[in-house]
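Q: Fold the following.
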Amino acid sequence: MKLLSKWVPCLFVALFAVEIIAVMLPKKDGEYHQREFGRLPVLLGGRIQPFDSVAHNSLLQIRSTGDVPLEEVPSWKFWHHPKKLKATEWLLEVMTRPEIADTRPIFLIHHQELLSELKLENLGAEKSGLRYYTFEQLKPLVEEIEGQAKSAREVKEEQRTTFQKQVLKLANAMTVYLRLKYTLQPEGVDGWSKELTEFQKDLVPARAAARASQEGKEIDDTLLRKLAEPVRHFQMMAGLGYPLTIPPEQPEVSRDGWQTMGSSLVESIRAGQIHPAVTYLASMATAYRDQKPSEFNRAVGEYKAWLGPNFGKELKKGRAEFFFNNIKAFLHATIMYVFALVLSAMAILTLGIIPNFSETLRRSAYAVILIAFALHSFALIFRMVLEGRPPVTNLYSSAIFIGWGAALMGIILERVHRVGIGCIVSSVAGFVTLLIAHNLALGGDTMEMLRAVLDTNFWLATHVVVVTLGYTATFGAGLLAITYISLGVFTPQLKQKLNQGQGAGNPPSAGGMELGKALGKMVYAIVCFATLFSFVGTVLGGIWADQSWGRFWGWDPKENGALLIVLWNALILHARWGGLVRERGLVNLAVFGNIVTSFSWFGVNMLGIGLHSYGFMDAAFKWLVGFVASQVIIICLGLLPLRYWRSFRDVKEPTPPVSPIPEPARA
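A: Residues are numbered from 1 along each chain as shown. Predicted coordinates for the structure are as follows:
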């Protein structure tokens, strides 16, 4: 059995290591070099990113997924992987073959009132209770949707109904989709590259004719009328273009002067020369529309070669971000955390019952968590390098960092107390926070430009990181407290004896610490850690506020939320030191700390007031309410009398000693 306990964890490590290697190995392009195209840099949202990121983030806004399924497969057939359009392939289709893209079910509408208002109940493709619609199906409703959205925009954000928010979301999705169509060429135009070649050839004589006309000379305006149609296309593209695809002609002067293709073409009328990048991108669009892979691949290669000498940094950034998008490191880390959670839960439940089996499961869970944490760390650092920022810049990155910190805390706990509890903390925290981050990413680009007040790496690396570690530790203490209550109420495991410094699979000894007492010590230690970091982080935030806004403290909702965490952790410690609470009281207070922290992290952002407006969001309100309700239920379980706790059923409540009745005095 000892051999099994040693080799089974190694088997899991090998399995997931092979998976990571397979994900990170370079993939070959197919007939079309779509992956090479997806790496090409553009400017959008104030930052350089590849075409692939534009496609991925646009799909998240429109469909809430990163790709487009080409076949419908029932949810219960989880082993069957349906064919999908990757993000870049979908974007190429939208930009060059819109008549096909319009037939893809990509618009997610799930609000019943909105479906009824637009009379869409019997249309669309249904998947897992959600409905998806094609642009063809929504095209007749464009004016109605825009009219509803216009009315919704006139209402203050905090006063909008759910219906109005969903209308605005749909209108935004349709706007993004329509603008993407005009990225490389006007919608549905055949022979775009040839049209630009003809325009370039006629541009010089047309400019001469226009000058002659201004001087009052008689001219043949045939050439000017011939150019009217291309100019109309240019102006339409300039007004609707989305990503800035054309790099500046003088990068040594300014590397940020990117333009949409339409704007560049309008400018070429004045300059008398079409930008070389326009020619390359137009060739790609025409070749892809005409289904000529060799010409498409050649245009992609020539454009990369043209970019190389002056835009090598942008090319490198595009390649790196494309790699990050495609390996989906956070998704694979999430899968590993879930797997480790199952193993560690089984290890805890078999503790003291099947010792060797429990120890094998615990070691396996720990090994998987180490692999998941390594991947989580790699992705976190890679993202920091891509952004050029510290780890926490917005709610999305804070969720990732809190999960990372909690996973590290669990690993350390497991090294100190080898009972599987640390594995529970790491796996649950890693899985839940990455799931939260995934849902926060549905709004689009998570690496957007920072607000001016946040644009300082020093304070992002000090105040934000430290206070986020305070959030992490408070959540970690609450998670351990939930584990204590769950094991105590539903299992007899809290009374299991543990050998000091030895694994959970060893036979219990009479002198060992009980699992419940070990958990209580863990909660106490982490609350101490949380108090320190939340206090220091709050003070650093005050110093930053003094520098940015001219006052140290202004009772802003976010500031109040941070102060609440400090005060609650201090209350827990004082209650423990003063003997007001023991183990059960401590863990119940720690669970309530989850409510305080969730309100400080998310809840204050839903109030719609305060200087920290960069974090406002209200889409998660129902989830926050559900989370708070779950914590209240857990606290109620924790307050049950001991006779209802399975771990303490055999423990009798102490009764006060009965004093003997004195005999009556004898006469």
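Q: Not including adjacent chain positions, what is the nearest residue to Ile274?
A: With C-beta to C-beta, 6 or more residues apart in numbering as the criterion, Ile274 has its nearest non-adjacent residue at 4.8 Å, and that residue is Ser268. For glycine as for every other residue, the C-beta is placed from the backbone atoms N, C-alpha and C.
Q: Give me the distance between the one you found and Glu249.
A: 11 Å (C-beta to C-beta, to the nearest Å).
Q: cool, and Phe163?
A: 48 Å.
Q: got any ranges where the stretch 451-600 of the chain has weak pLDDT?
A: The stretch 451-600 of the chain contains residues with pLDDT under 70 at 451-457, 459-460, 499-512, 548-549.
Q: okay, and the common contacts of Ser268 and Glu249?
A: His275 (C-beta atoms under 8 Å, 6 or more residues apart in numbering).
Q: neighbours of Asp256, just the number please.
A: Residues lying near Asp256 (other C-beta atoms under 10 Å) number 12.
Q: Residues contacting stretch 577-585, please?
A: Tyr484, Gly516, Lys517, Leu519, Gly520, His574, Ala575, Asn588, Leu589, Gly638.
Q: if you set the cut-off to 10 Å instead, what comes out?
A: 481, 484-485, 488, 494, 514, 516-517, 519-521, 523-524, 571-572, 574-576, 586-589, 638-640, 642, 645, 648 (C-beta atoms under 10 Å, 6 or more residues apart in numbering).
Q: which ones among those are found in helices?
A: 481, 484-485, 488, 516-517, 519-521, 523-524, 571-572, 574-576, 586-589, 638 (DSSP state H).
Q: Quick one: buried ones out of the residues you listed?
A: 481, 484-485, 488, 516, 519-521, 523-524, 571-572, 576, 586-589, 638 (16 or more other C-beta atoms under 10 Å).
Q: Against Gln49, how distant is Leu180?
A: Taken as C-beta to C-beta, the span from Leu180 to Gln49 is 14 Å.
Q: tell me the SS of the closest residue in space to Leu115 that isn't next to it in sequence?
A: Nearest residue to Leu115 in three dimensions, chain neighbours excluded: Glu121, at 5.4 Å (C-beta to C-beta, 6+ apart). Here Glu121 is recorded as coil under DSSP: H, G, I helix; E, B strand; the rest coil.
Q: ok, Glu121 - contacts?
A: Contacts of Glu121 by C-beta under 10 Å, 6+ apart are Gln112, Leu115, Arg131.
Q: nearest to Phe599, of these?
A: Gln112 (29.5 Å; C-beta to C-beta).
Q: So that closest one versus Thr161, what's the distance?
A: 13 Å.
Q: okay, now Lys27: neighbour count?
A: Lys27 has 9 nearby residues by other C-beta under 10 Å.
Q: you'd agree it is in a helix?
A: No: membership of Lys27 in a helix is not supported by three-state DSSP, which gives coil.
Q: That one against Arg39, yeah?
A: No: between Lys27 and Arg39 there is no contact under C-beta atoms under 10 Å: 12.0 Å.
Q: export the contacts of Glu121 to a markdown table and tack on secondary structure?
A: Putting the contacts of Glu121 into a markdown table (three-state DSSP) gives the following:
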| residue | secondary structure |
| --- | --- |
| Gln112 | helix |
| Leu115 | helix |
| Arg131 | strand |
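Q: and those residues as a markdown table, adding neighbour count, pLDDT and distance to Leu580?
A: Listed next are these as a markdown table, based on neighbours: other C-beta atoms under 10 Å; pLDDT from 0 to 100; distance: C-beta to C-beta, whole Å:
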| residue | neighbour count | pLDDT | distance to Leu580 |
| --- | --- | --- | --- |
| Gln112 | 12 | 87 | 50 |
| Leu115 | 18 | 88 | 54 |
| Arg131 | 19 | 87 | 54 |
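Q: Looking at those, spot the one nearest Leu567.
A: Closest to Leu567, out of all of these and judged by C-beta to C-beta, is Gln112, at 42.3 Å.
Q: wait, what's in contact with that closest one?
A: Per C-beta under 10 Å, 6+ apart, neighbours of Gln112: Glu121, Arg131, Phe163, Gln166.
Q: now swap in Phe533 and tell me
A: Taking C-beta under 10 Å, 6+ apart, one finds 405, 465-474, 565-566, 569 in contact with Phe533.
Q: same question, Phe323
A: When contacts are taken as C-beta under 10 Å, 6+ apart, Phe323 is in contact with Met24, Pro26, Arg39, Pro50, Asp52, Ala329, Phe382, Leu386.
Q: next one: Glu113
A: With C-beta under 10 Å, 6+ apart, Glu113 has these contacts: Thr161, Thr162, Phe163, Gln166, Val167.
Q: And the last one, how close does it get to Ile353?
A: When distances are taken as C-beta to C-beta, Val167 and Ile353 turn out to be 56 Å apart.
Q: With Met447 instead?
A: 48 Å.
Q: can you check Asn122 too?
A: 55 Å.
Q: For the stretch 1-150 of the chain, give me the ranges with low pLDDT.
A: 1-5, 73-80, 128.
Q: residue ranges of the helices in it, please?
A: Under the criterion DSSP state H, counting those that start in this stretch, helices of the stretch 1-150 of the chain are mapped to 2-24, 34-38, 51-62, 87-96, 98-101, 112-117, 135-138, 142-153.
Q: Out of these, which gets nearest to Gly308?
A: helix 34-38 (13.3 Å).
Q: quick check, distance from that closest one to the centre of its chain.
A: 23 Å (C-alpha atoms, centre = their mean, to the nearest Å).
Q: Tell me which residues are up against that helix.
A: 26-29, 50-56, 86-89, 91-92, 281, 284, 288, 293, 296-297, 299-301, 303-304, 318-319, 321-322, 325-326.
Q: Would you write a PyMOL line that selects the buried entries of those?
A: A single PyMOL command selects the buried members of the contacts of helix 34-38 (16+ other C-beta under 10 Å):
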select buried, resi 50+51+52+53+54+55+56+86+87+88+89+91+92+281+284+288+296+297+299+300+303+304+318+319+321+322+325+326
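Q: which residue sits closest to Leu196, ignoring its sequence neighbours?
A: That would be Ala282: by C-beta to C-beta, 6+ apart, it lies 5.2 Å from Leu196.
Q: Surely the one you found is in contact with Leu184?
A: Yes: if you go by C-beta under 10 Å, Ala282 and Leu184 touch, sitting 6.9 Å apart.
Q: between these two, what contacts are shared?
A: Trp192, Met261.
Q: Who has more neighbours out of the two?
A: Leu184 (27 against 22).
Q: re earlier: who are the contact partners of the residue nearest to Leu196?
A: Leu184, Gln185, Trp192, Ser193, Lys194, Glu195, Leu196, Thr197, Met261, Leu265, Ile274, Ala299.
Q: tell me which element it is part of?
A: helix 276-289 (DSSP states H and E).
Q: pLDDT averaged over that helix, what's the number?
A: On average, the pLDDT along helix 276-289 is 95.
Q: Can you check what angle separates it from helix 87-96?
A: 100 degrees (axes from the mean of the first three to the mean of the last three C-alpha atoms, to 10 degrees).
Q: Alpha carbons of helix 276-289, as CSV, please.
A: Extracted in CSV, the C-alpha atoms of helix 276-289 (Å, rounded to 0.1, in the frame of the first residue of the first chain):
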residue,chain,number,x,y,z
PRO,A,276,1.0,49.7,-48.0
ALA,A,277,-0.8,48.0,-45.1
VAL,A,278,-4.1,48.7,-46.7
THR,A,279,-3.0,46.9,-49.9
TYR,A,280,-1.9,43.8,-47.9
LEU,A,281,-5.0,43.6,-45.8
ALA,A,282,-7.3,44.1,-48.8
SER,A,283,-5.4,41.2,-50.6
MET,A,284,-6.1,39.0,-47.6
ALA,A,285,-9.8,39.9,-47.6
THR,A,286,-10.3,39.3,-51.3
ALA,A,287,-8.4,36.0,-51.3
TYR,A,288,-10.4,34.7,-48.3
ARG,A,289,-13.7,35.8,-49.8
